[in-house]
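Sequence below, structure please.
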Amino acid sequence: MSSATTTTTSATPRRAALADPGYQAFVILRTGFTVAPILFGLDKFANLLVDWPVYLAPWINDIVPGSAQAAMYAVGVIEIVAGLVVALAPRFGGWLVAGWLAGIIVNLLTIPGHYDIALRDFGLLLGAVALARLAQRYRGTRQPR
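Below is the predicted model:
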């Protein structure tokens with residue numbers, strides 16, 4: 001009888017975590033901020049989605065060594081690493097992605113005609129901050145299997 005109580009007790013936190021809207025939001029944000037940076041980072045090498053060097057402000061291109069495409073290769077590596085950090089350590093990864101997005105926003109605000117993308121990235125920055133805060137809240141909560 002005590003083993004039935006133990007089994008029920010261990011299954012209850014998993015069900016409670018799955019039913020918690022905050023935990024659901026955490027999982028959604030963690031998944032999105034893992035997958036998106038990795039995919040965008042990989043695309044910096046292929047330019048399938050967009051011609052990425054166009055989004056590099058001329059003043060940044062002037063201070064980084066090499067071409068704008070070479071800078072995008074470095075950006076791609078950083079974004080892939082950021083996505084992996086979110087997957088492994090979302091409390092830190094959320095803040096890392098938020099900081100990276102802040103840099104992207106500054107870059108975009110210095111290119112005329114890219115303000116709409118800067119605004120979109122500001123929304124993503126808010127999502128990354130929410131992820132970091134939710135990761136703090138759900139630290140130690142085991143993900144259900």
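
Now the residue most central in space within the chain: phi and psi?
Centroid-nearest residue in the chain: F33, 2.9 Å away (criterion: CA atoms, centre = their mean). Main-chain torsions, F33, degrees, to the nearest 10: phi -80, psi 0.

got it, and L48?
phi -80, psi -40.

How about P53, nearest residue that isn't a chain neighbour?
A68 (3.5 Å; CB to CB, 6 or more residues apart in numbering). Using the backbone N, CA and C atoms, a C-beta is placed for each residue, glycine as well.

Any stretches of this protein with poor pLDDT?
Where the chain drops to pLDDT under 70, the residues are 1-11, 14, 141-145.

Which stretches in it count as helices?
With DSSP state H as the criterion, the chain has helices at 2-19, 21-46, 58-63, 68-88, 90-109, 115-137.

Against which helices or strands is the third one packed?
Right, the one you point to is helix 58-63. Helix 58-63 sits against helix 68-88, with contacts defined as 3 or more CB pairs under 8 Å, 6 or more residues apart in numbering; DSSP states H and E.
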